[in-house]
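A.B. asks: structural data only, the sequence is not supplied:
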């Protein structure tokens, strides 16, 4: 940042001249772009603004009105100040006309009581200005490198804002045109305080320029968009007027965000990213305080406090066969889910949990019925999104602290339901019954040991002889031990089917007419399917 007139007066080269401010003392914070030595009266037309003029006054007129015109011309071109060395033209003090004109025009006017080599002043000030410019150039180069790398890597808005906060040391917020927060970095501050009543505060700040500082709010605001289509604003919260470096930083970050969005052809929208970030933060305990999660959710228009919270996980039941296709389809599912929530007037956080699941966090009024809300969401989503999917839900919880448990339950239900969907609007853990229990216990070594003990001999027999007796057993048990029905489903004659049952009894060393033995075998088969489906 350029030095001020006060900074120049503090230099040793100036202090040796015994400087004294005689006018414009309230303007000493004016920036000095350059120092110009001039001993002519009509010097104003040679200046471009921001110059600190040094003179002995030897060529200045004696008439008061012409002296006033001289000061007026300097102020008109934007000179940052005037320093007059006494002793040659003006011996002890300046004429009152000069002082009055400088005071009237707000031009800092300084006298030097001692003879001072102007070259020492110019060298000192110019060296400082050049050093500052070099620092700004290095800082600009660093910004260019960092944000170019972020653009190339396709960094998320949160990652971009992290860098903005690191460079500026200030909180930064990215919002959409509806004044809902898409990303926020509090820079060590309290997120809840920063985002409190955000939409109302943001709507009150509407600068006319693309990048501008609002003094009343203390916000540096720059528009974010490309190709003539703005879609958001980047806001740097400043406790003092921003420096040129802050302005460059905000504009460079806005460019990176705009470029990233242009490259997001197969990726989810910024709103989905923002929602997904909040959900992930809750699930991973990234927020030190649940109030921070509530504040971030409230800033995107989803109130979580004082509500019943329902977690849901949505999974597609079919695959496109390619990673890019599945990612695009999942993004479409997330957008369709968000639209369905809006149609049903259900404020919700909706975002991808991973490469195969969409997460939904529904906050409902205390007296509303969860089944009604979930049914409305499922109906609207199926009407808008034709690809088959399953909607699984966890338990209703009352606190953000318990959301993670509810989501884990919903994920487990979705993992089971997606294997054999039966057309339900949505699935809960009680709906899965025995299959749900076996899925929950799939990593338990005792269940694995049980299945191996019940079926090990049969599986080994089929593996050695490339047989299908395990399939025959499953058909028999699925038919409720009705041999005639089972033979028909197995596409075998009754004698052939009966022969296979006798072979099964010999291999398993059990009686297939015994209800308890068959129930045990059925559980083992279901457990085996769970193991195989969870295996890579």
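C.D. replies: Nice, thanks for sending it over. What you are looking at is a predicted structure, and each value in this text was computed from that prediction instead of being measured. Residues are numbered from 1 along each chain as shown.
A.B. asks: right, and residue 126 touches residue 34 too?
C.D. replies: Yes: at 7.3 Å, residue 126 and residue 34 qualify as touching, with contact defined as CB atoms under 8 Å. All C-beta spots, glycine's among them, are computed from the backbone N, C-alpha and C.
A.B. asks: what about those two, which has more around it?
C.D. replies: residue 34 (16 against 12; other CB atoms under 10 Å).
A.B. asks: pLDDT score assigned to the more buried one?
C.D. replies: Per-residue confidence at residue 34 stands at 91 (pLDDT).
A.B. asks: cool, and residue 205?
C.D. replies: 93.
A.B. asks: that one against residue 218, yeah?
C.D. replies: No: contact criterion CB under 8 Å: residue 205 and residue 218 do not qualify, at 9.7 Å.
A.B. asks: residue 22 should be in a strand, yeah?
C.D. replies: Yes: counting by DSSP: H, G, I helix; E, B strand; the rest coil, residue 22 falls inside a strand.
A.B. asks: shouldn't it be in contact with residue 99?
C.D. replies: Yes: using CB under 8 Å, residue 22 is in contact with residue 99, at 5.4 Å.
A.B. asks: show me what the helix or strand of the chain with the lowest mean pLDDT is packed up against.
C.D. replies: Within the chain, no helix or strand scores below helix 429-440, which has a mean of 74 by mean pLDDT, DSSP states H and E. With contacts taken as 3 or more CB pairs under 8 Å, 6 or more residues apart in numbering; DSSP states H and E, helix 429-440 sits against helix 403-417, helix 515-534.
A.B. asks: name the residues of stretch 254-264 that are buried.
C.D. replies: Within stretch 254-264, the residues scored as buried using 16 or more other CB atoms under 10 Å are 254, 255, 256, 257, 258, 259, 260, 261.
A.B. asks: tally of neighbours for the closest residue to residue 287 other than its chain neighbours?
C.D. replies: Leaving aside its chain neighbours, residue 287 sits nearest to residue 293 (4.5 Å; criterion: CB to CB, 6 or more residues apart in numbering). Counted with other CB under 10 Å, residues neighbouring residue 293 total 25.
A.B. asks: so what's residue 293 up against?
C.D. replies: Contact analysis of residue 293 by CB atoms under 8 Å, 6 or more residues apart in numbering lists 278, 281, 282, 287, 304, 400.
A.B. asks: closest to residue 408 among those residues?
C.D. replies: Residue 408 has its nearest neighbour among those in residue 282, at 11.8 Å by CB to CB.
A.B. asks: which helix or which strand is home to residue 464?
C.D. replies: Using DSSP states H and E, residue 464 falls within helix 445-465.
A.B. asks: pLDDT on that helix, on average?
C.D. replies: 88.
A.B. asks: list the helices and strands it packs on?
C.D. replies: Using 3+ CB pairs under 8 Å, 6+ apart, helix 445-465 is in contact with helix 469-478, helix 494-508, helix 515-534.
A.B. asks: and the ones you listed as a markdown table, adding distance to residue 365 and mean pLDDT?
C.D. replies: Converted to a markdown table, the helices and strands packed on helix 445-465 look like this (distance: least, CB to CB, whole Å; pLDDT from 0 to 100):
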| stretch | distance to residue 365 | mean pLDDT |
| --- | --- | --- |
| helix 469-478 | 44 | 91 |
| helix 494-508 | 55 | 92 |
| helix 515-534 | 38 | 82 |
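A.B. asks: okay, these, which one's buried deepest?
C.D. replies: Mean neighbours per residue, mean count of other CB atoms under 10 Å, is largest over the helices and strands packed on helix 445-465 for helix 469-478, with a mean of 19.
A.B. asks: residues in contact with the next helix or strand after that one?
C.D. replies: Moving toward the C-terminus from helix 469-478, the next helix or strand (DSSP H and E) is helix 483-489. Contacts to helix 483-489, defined as CB under 8 Å, 6+ apart, come from residues 475, 476, 478, 479, 493, 494, 496, 497, 498, 501.
A.B. asks: just the strands in the chain please.
C.D. replies: 19-23, 34-37, 51-55, 81-85, 109-112, 172-176, 181-185, 211-214, 219-226, 229-237, 308-316, 349-352, 357-364, 389-393 (DSSP state E).
A.B. asks: need those in TSV (columns: distance to residue 134).
C.D. replies: Compiled in TSV, the strands of the chain are given as follows (distance: least, CB to CB, whole Å):
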stretch	distance to residue 134
strand 19-23	27
strand 34-37	16
strand 51-55	20
strand 81-85	24
strand 109-112	28
strand 172-176	27
strand 181-185	29
strand 211-214	24
strand 219-226	24
strand 229-237	24
strand 308-316	54
strand 349-352	44
strand 357-364	49
strand 389-393	58
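A.B. asks: between these, which one is nearest to residue 119?
C.D. replies: strand 34-37 (8.4 Å).
A.B. asks: what's the closest one in contact with?
C.D. replies: Contacts of strand 34-37 (CB under 8 Å, 6+ apart): 8, 43, 46-47, 50-55, 118, 121-122, 125-126, 129.
A.B. asks: list buried residues within these.
C.D. replies: 8, 43, 47, 50-55, 118, 121-122, 125, 129.
A.B. asks: these two touch, right, residue 462 and residue 472?
C.D. replies: No: at 9.9 Å, residue 462 and residue 472 do not qualify as touching, with contact defined as CB under 8 Å.
A.B. asks: show me what contacts the most far-flung residue of the chain relative to its centre?
C.D. replies: Residue farthest from the centre of the chain, counting by CA atoms, centre = their mean, is residue 495 at 67.0 Å. The contact partners of residue 495, taken as CB under 8 Å, 6+ apart, number zero.
A.B. asks: ok, now with 10 Å
C.D. replies: residue 487 (CB atoms under 10 Å, 6 or more residues apart in numbering).
A.B. asks: turn the buried ones among the contacts of strand 34-37 into JSON lines, columns for distance to residue 360 and pLDDT.
C.D. replies: Output for the buried ones among the contacts of strand 34-37, formatted as JSON lines (distance: CB to CB, whole Å; pLDDT from 0 to 100):
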{"residue": "8", "distance to residue 360": "61", "pLDDT": "93"}
{"residue": "43", "distance to residue 360": "71", "pLDDT": "91"}
{"residue": "47", "distance to residue 360": "64", "pLDDT": "92"}
{"residue": "50", "distance to residue 360": "57", "pLDDT": "92"}
{"residue": "51", "distance to residue 360": "62", "pLDDT": "94"}
{"residue": "52", "distance to residue 360": "63", "pLDDT": "95"}
{"residue": "53", "distance to residue 360": "67", "pLDDT": "95"}
{"residue": "54", "distance to residue 360": "70", "pLDDT": "95"}
{"residue": "55", "distance to residue 360": "73", "pLDDT": "94"}
{"residue": "118", "distance to residue 360": "72", "pLDDT": "92"}
{"residue": "121", "distance to residue 360": "68", "pLDDT": "92"}
{"residue": "122", "distance to residue 360": "67", "pLDDT": "92"}
{"residue": "125", "distance to residue 360": "62", "pLDDT": "90"}
{"residue": "129", "distance to residue 360": "57", "pLDDT": "87"}
